[in-house]
Each structure stands twice: as C-alpha cells, then as structure tokens.
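Give me coordinates for this.
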Amino acid sequence: MTLENLLDTARANGDDASALEALASFALSHQQEHRALDVLAQAARRHGTNARLWQWLALLQRAADDRVSALEAFAKAAALAPHDASIAKGRAQTLLEAGLPAVDAFAAARKVAPNDGDIVLGVTAALFAEGQAETGLSILAGSVGANPLWLFGHRDLVQLRWMMGEGGASFASLRQAISTNPQSEALWVQLIHALMQAGLNEEALAVIAEGRKAIGDGPRFAVNEAVIRSDSGERDAAAGLFASFENSDDPTIAVRIIRHHLRYDDVDAAAALVDRWIGRPGEALVWPYASLCWRLLGDARADWLEGEDALVRVVDLAPQLPPLEKLAGLLRKLHHARSQHLDQSVRGGTQTDGALFARIEPEIRQLRAAIVGAVADYVSGLPPRDATHPTIGPRRDQPVRFAGSWSVRLAGKGFHANHIHPAGWISSALYVALPERGPDDSPNAGWLALGSPEAGLGLDISPTRLIEPRPGRLVMFPSTMWHGTVPFDAGERLTVAFDVAPPMPGD
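Here you go, the predicted structure:
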C-alpha cells in the first residue's frame, strides 16, 4: 500500500472513517503528514461529530509543527469524547509543547487514565515548565516508588533531580528500586549508565560489583566495566574485557571499542572496525570516528567526508529574526534548571527542556521561520547527492523536520565539550547574546571549534575551523562533525541550537 493508494481511497470514500484513519496513520508514520492534511481537515469538518477524525487531524497538524491548529482540533475532539484518554493526553502534551499552561490539562488526563506513565511524565514536565519543579519531582517520585520497575520514570526523575542540583541524591530512586528488586538487570544497568554520565566512574564500578554478586556476571556489566577501565587508563584490563565483543553486531559496542583503540593510539585497529561498520545499519554512530581515523592516517576519505566548503555554512540571520534583546529576554525565562543536563555537552550552564521550535510565542515562530529558510538554503547548496555520504546522500525533497531544538545559556568559563549529534543530519549554533571580551580571555574565547574530538580520547587533532560568534550569526554543519566551544572568562553566552532530522530514505 502506498500513500497515493490511500489518498485515492480516502477521496473516493469520503464517508469511510476507517479509510481516513488508515491514511492519517500511514502519513504520520512515513513523515508525509503535509500530504494528508487537507483530506483529513475536510473530512473532520464534514463528519463534524467524529472525535477520532478530529484527533487524527490534530496529530497531523502537530507533526507539521502547526500546534495552534492542532490545539483547536484537539479541543473539538475532547469536547466530543471527554473521557477518551488518548485525546486528553494528546491535547495536554500539545499544550506543553506549545509553551502554554498544561498542568490542569494533564491533571484532567490523569483522572481519565491514572496509571498512564506518559501522563505522569507530562504533568512533571508541565510543573517544571511552570516553576513548580519540587511539586513535579514529588509526583514523579511517588509514581516511581509505586512502580519501581518503571525505567522511563527513573530516567526522568534522575535527570530532573540532577538538573535541580541534587547531585548524588539524584540516583536515590534507582538505588531504592534495586534494593527491593535485586534480580532486575535493567535497573542495575540504568544506575550504572546514570553514574557514568555523571562522571562517577568509581561509584559505577562499585555498582557493577554489587550487580554481579546479586545476579551473576553478564555482557552488559562487562562492556560497561570495559568502558570505565578504558577511560581510567587501564588499557590491558579494558582490552581483556572488550576482547569478547570484537565481533558484536551492536553498533554502540563497536563505537566503544573504536574509542578504546583511538585512546591508546591503535588507529589501524580503530579504522578497520570503522570500515567494517560503514554501510551497515548503525553506521551513523561510526561516521564521527571515521573522520578521526582517516585524518590520523592521512586517508583521502577524510577530505571526502568533511572537506567540502559547502558542508559548513555561516549566515547572518539577524535581519530575519525578532529583535535580539527581546528574543534573549524570552529565552532566559525558559531556563528553569539550576544545573546542566546529566547527559549533554554543556559545562557551566543550562539547557532548556522540550522542543523550543514547538512553542507558539511570536518571537519563536519568527525564529523558526527564519531557521527553516536558512536550512532549506543550506540543503540546496550541498554538492550533488552521493548515496554513500552521510550528509550529502539523503533525499532533499522533504519539508524541514527538526529532531530537536533548544537554547543554551553559559556563564563565565562555561563551554560546550567537543561532541557530535549522531541522531541528526544537520546541526547548528545561533548566537543571540554574547559576553564582552574579558582581559583574561584567549583570542578565540567563546568561538565555535569544528573538527576536534572530545578531550577524553586524548587525541592531538586540531580544529579544522574556528568560527567567531556574532549576535544573529547562524552556523550550520553536519551532525556527524565534532564541535565544541572555546571557554570564555566571564559573562553570558546565550544560543539557540537545533538538529535537522534525517529525511526518511527514498529516491
């Protein structure tokens, strides 16, 4: 079945609700919502009292980033079916994404579906967004306590506690859950990962030892111990643990072994593993390391991968943006956290929660429209398609779709550690407010550095480009390209960033 078949069927059978729902479902799952919108909008108005069609229309509009229209459609669906949990949840979630008060809507959804974990996570996020973080944490902690095997609940609770500056207490829910469910390997591994993300490697090793005593050894304990040993300078111990995973079909494990080889100057072994993975599912995780290997080996493929000038684009977007001071004031109000995310690159600052470009404030809508135009120009300026290349290979006939959008606010000596975004296609930095140069600042303080790997790999690889930030300046580059910032001495550095989602495969 193709979208064209479904469109034809829906148009020919305008009163067949099941045909319309099949069209909407297919369009959503294949990122073709824009092609089904008109048909569903006409059908919803024609049928009038069919709550499910209004819900499908709302979901299509939401996926197309038109949350104003989506909220209108959800309101109609909710009025027709006030006790439908999926409609109540969708409306509440869309309110939250739009930046509107959503606590009451989530509370109403909880009455309809009190055991829905997504609704609990939603009301927690809504309370956090409305400055009631402690209440949100209390609700989430209560739900996690009642459902100790709820991994998503633990994930968000640990993250929010860490962002609120609770430090080591952030992991309390996982430790408590393990004490009553010691046979759950998933809980042990989640705690280990959380501790590693926080840089608490010694504590993570202690948990690995405890886990082995409780449930015996297992590959997930071994691979995480190998990562920690490698990070800690214990080359031989790490190599022994990694040895049993050399032929693993898991790309995340392959990346960990590649990192180990690079950290200990075995570039040939790292490159061989990179070559084995390119062209296979999961290769997106490997491309950033291909760049490092090929540069270290003097392989011409390094220039093929990242050397094209068109892959990095610098645009003065200020004339198309709302007044920067007004935009900066709005962004500052969205930084509710007291500390950085547990698993992000920010050092000495905070990052907003949720999808920034989903919000409906006029300034954000104007910002998003300017960004969409700039991304379209970037894509149109790429070299001819090469299906084997991660950046210039994807199709270019789809609307711009964002995998994430956020703001980062750095304080004095703050910076982004060098990192990559393997889930994205095109990444970015837009500068909204910048500090004055301080007397102790280096010449490139605060500049964007492209091409240098994270410091923990210990590789002497200089940036391929250093780009000076300016208010209103947008920089776009491949998501697989290493990037970070040079620390600055004092003041505020306020940015917006986004990842463009890779288009679904096609001709």
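
Could I get the contacting residues of His83?
Listed by Cβ atoms under 8 Å, 6 or more residues apart in numbering, the contact set of His83 reads Val112. Every C-beta, even on glycine, is put in place using the N, C-alpha and C of the backbone.

quick one: it from Lys111, how far?
Taking Cβ to Cβ, to the nearest Å as the measure, His83 falls 9 Å from Lys111.

got it, and Ala271?
On the measure of Cβ to Cβ, Ala271 and Lys111 end up 58 Å apart.

Who has more neighbours out of the two?
Ala271 (22 against 11; other Cβ atoms under 10 Å).

what's near enough to touch the more buried one?
Counting by Cβ under 8 Å, 6+ apart, Ala271 has contacts Ala290, Cys293, Trp294, Leu297, Asp299.

ok, the spatially closest residue to Leu53 that is not a sequence neighbour to Ala243 distance?
The shortest distance from Leu53 to any non-neighbouring residue, by Cβ to Cβ, 6 or more residues apart in numbering, is to Ala44 (4.4 Å). Applying Cβ to Cβ, the value for Ala44 to Ala243 is 59 Å.

the more surrounded of the two?
Using other Cβ under 10 Å, the more surrounded residue of Ala44 and Ala243 is Ala44, with 22 against 10.

wait, the more buried one sits on Ala51?
No: here Ala44 does not reach Ala51: they are 9.6 Å apart, not a contact under Cβ atoms under 8 Å.

what touches both of those two?
Lys76.

Pull up the distance across stretch 208-222, start to finish.
9 Å (Cα to Cα, to the nearest Å).

Pull out the buried positions in that stretch.
With burial defined by 16 or more other Cβ atoms under 10 Å, the residues of stretch 208-222 counted as buried are Ile208, Gly211, Arg220, Phe221, Ala222.

cool, stretch 18-30 as well?
Ala19, Leu20, Glu21, Ala22, Leu23, Ala24, Phe26, Ala27, Leu28.

cool, stretch 351-362 as well?
In stretch 351-362, counting by 16+ other Cβ under 10 Å, buried: Gln351, Thr352, Asp353, Gly354, Ala355, Leu356, Phe357, Ala358, Arg359, Ile360.

where along the stretch 251-400 of the chain do the helices fall?
251-263, 267-277, 287-297, 301-306, 324-333, 362-380 (DSSP state H, counting those that start in this stretch).

Would you mind giving these as a markdown table with mean pLDDT and distance to Phe128 added?
Compiled in a markdown table, the helices of the stretch 251-400 of the chain are given as follows (pLDDT from 0 to 100; distance: least, Cβ to Cβ, whole Å):
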| stretch | mean pLDDT | distance to Phe128 |
| --- | --- | --- |
| helix 251-263 | 96 | 29 |
| helix 267-277 | 97 | 38 |
| helix 287-297 | 97 | 32 |
| helix 301-306 | 97 | 38 |
| helix 324-333 | 95 | 14 |
| helix 362-380 | 97 | 18 |
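
Could you point out which of those helices sits nearest Ser173?
helix 251-263 (24.6 Å; Cβ to Cβ).

Buried residues, the closest one. List them.
So helix 251-263, judged by 16+ other Cβ under 10 Å, has buried residues Pro251, Ile253, Ala254, Val255, Arg256, Ile257, Ile258, Arg259, His260, His261, Leu262, Arg263.

Can you give the domain ranges for this structure?
Listed domain ranges for the chain are 3-162, 185-306, 310-500 (source: automatic domain parsing).

So which of those is nearest Gly168?
domain 185-306 (7.8 Å).

Between the two ends of the closest one, how far is it?
Domain 185-306: ends 40 Å apart by Cα to Cα.

Under the pLDDT cut-off, which ranges of this structure? List them.
337-349, 412-416, 438-441, 506-507 (pLDDT under 70).

can you give me the strands for it?
Under the criterion DSSP state E, the chain contains strands at 313-316, 346-351, 402-416, 426-433, 448-450, 465-467, 473-478, 483-485, 493-500.

what's the closest of these to Ala387?
Among these, strand 473-478 sits nearest to Ala387 (Cβ to Cβ), with 15.7 Å.

what residues does that closest one touch?
With Cβ under 8 Å, 6+ apart, strand 473-478 has contacts from 306, 311-318, 371, 374-375, 378, 390-391, 425-431, 448, 450, 467, 483.

What subset of these is buried?
Buried members of these, scored by 16+ other Cβ under 10 Å, are 306, 311-313, 315, 317-318, 371, 374-375, 378, 390-391, 425-431, 448, 450, 467, 483.

Geometrically speaking, which residue is the centre of this structure?
Gly404 (5.3 Å; Cα atoms, centre = their mean).

do you know how far the residue lying closest to Glu468 once chain neighbours are set aside is from Leu434?
Among residues not flanking Glu468 along the chain, Trp447 sits closest, at 5.6 Å (Cβ to Cβ, 6+ apart). Distance from Trp447 to Leu434, counting by Cβ to Cβ: 11 Å.

joint contacts of those two?
With Cβ under 8 Å, 6+ apart, Trp447 and Leu434 have common neighbours Pro469.
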